[in-house]
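Fold the following, please.
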Amino acid sequence: MTTIDFPDHLACVIYTQGCPLRCGYCQNTELIPLVPGLSVDARWTWTDVVEFLRARQGLLEAVVISGGEPLIQPYLPRMVKQVKAMGFKVGLHTAGISAAALSRVIDDLDWVGLDIKAPEEDYARVTGRRNLWPQVEQCLQLLLQGGGAFECRTTVDWHYHTVPKLRSLAQYLSQQGVTHYAVQQNHGTGCLDPKLCQPLLQPVDIIAQLQHQLDSMFTCFTWRT
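Alright, predicted model coming up:
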């Protein structure tokens, strides 16, 4: 259960298995393989999840579907509708890998956290996948046009990112109409790329100046430590 994964709501998070990205700072590496290395008996089935939620109706306010990458789940639309029918609000954490998949669930979502990994020119280097930016951009436009609640957020690792490029990315998002933005730094715990387990640091005054600049661009800006 969590109070931070769906803003202002007591929620639980469902972690789905499988992710096509290979972000070096990923700290949920066990969720990357599409088929986990577990026996069938050790896995939660969707029936298990539904039973868990039924036991918490009236206690939890929301359910967040995360991962891994939920948009690769073929039954995501059914999952979202079933959770909604049980009386929960539904949030989604996604890296925006498929605008088509997002379009199939967006009308039933109450909140979305969209990971924007880097500026366009650095996307392949950060995610380990080429040609992803157009999908991310389309997902962002779907959220902007849909008018629902959402947040963009960027995990920063100073091996990959620079202060000017993070500032430029924030300016782009602000210009597009994003009002809620969050930045969180990689702390080096269990990273997919072992080299990133020793994170680089920026001077305190540089970070303070950057925080001030980004705060001025958005209605709601959060620097998560």
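
Next up, the contacts around R224.
182-185 (Cβ atoms under 8 Å, 6 or more residues apart in numbering). In short, each C-beta sits where N, CA and C put it, glycine included.

Need the max-distance pair from the residues you listed.
A182 and Q185 (11.2 Å; Cβ to Cβ).

Could I get the full set of strands for this protein?
Using DSSP state E, the strands of the chain run over residues 11-15, 62-66, 89-94, 111-115, 149-156, 180-185, 220-224.

can you put those in CSV and add mean pLDDT?
Shown next, in CSV, are these (pLDDT from 0 to 100):
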stretch, mean pLDDT
strand 11-15, 94
strand 62-66, 97
strand 89-94, 98
strand 111-115, 98
strand 149-156, 97
strand 180-185, 96
strand 220-224, 95
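
Indicate which one of these is closest to C197.
When the strands of the chain are compared by Cβ to Cβ, strand 180-185 sits nearest C197, at 13.6 Å.

Output the contacting helices and strands for the closest one.
If contacts are counted by 3 or more Cβ pairs under 8 Å, 6 or more residues apart in numbering; DSSP states H and E, strand 180-185 sits against strand 149-156, helix 163-176, strand 220-224.

A182 is in contact with T222, correct?
Yes: counting by Cβ atoms under 8 Å, A182 is a contact partner of T222 at 4.2 Å.

out of the contacts of R224, which is most surrounded?
Highest neighbour count within those, by other Cβ atoms under 10 Å: V183, with 22 neighbours.

I'd like the distance from it to L169, if you could.
10 Å (Cβ to Cβ, to the nearest Å).

what residues are up against the closest residue to G177 other than its chain neighbours?
Nearest non-adjacent residue to G177, counting by Cβ to Cβ, 6 or more residues apart in numbering: L144, 5.2 Å away. Counting by Cβ under 8 Å, 6+ apart, L144 touches 176-178.

Most neighbours among those, which one?
Counting neighbours by other Cβ under 10 Å, V178 leads these with 21 neighbours.

Okay, it and Y172: tell me how far apart.
According to Cβ to Cβ, V178 and Y172 sit 9 Å apart.

and what of D48?
D48 is 41 Å from Y172, by Cβ to Cβ.

Between those two, point out the one with more neighbours.
Neighbour tally, D48 and Y172, criterion other Cβ under 10 Å: the higher count belongs to Y172, 15 against 10.

Does the more buried one touch A118 like I think?
No: using Cβ under 8 Å, Y172 makes no contact with A118, being 11.1 Å away.

Let me know the pLDDT of the residue nearest to G177.
pLDDT recorded at L144 is 98.

cool, and Y123?
Y123 is given a pLDDT of 97.

Please apply the same query to Q171.
On the pLDDT scale, Q171 is placed at 98.

Leaving out chain neighbours, which residue sits closest to it?
M217 (6.7 Å).

Wait, the one you found touches Y172, no?
No: M217 sits out of contact with Y172 when judged by Cβ under 8 Å, with a separation of 10.1 Å.
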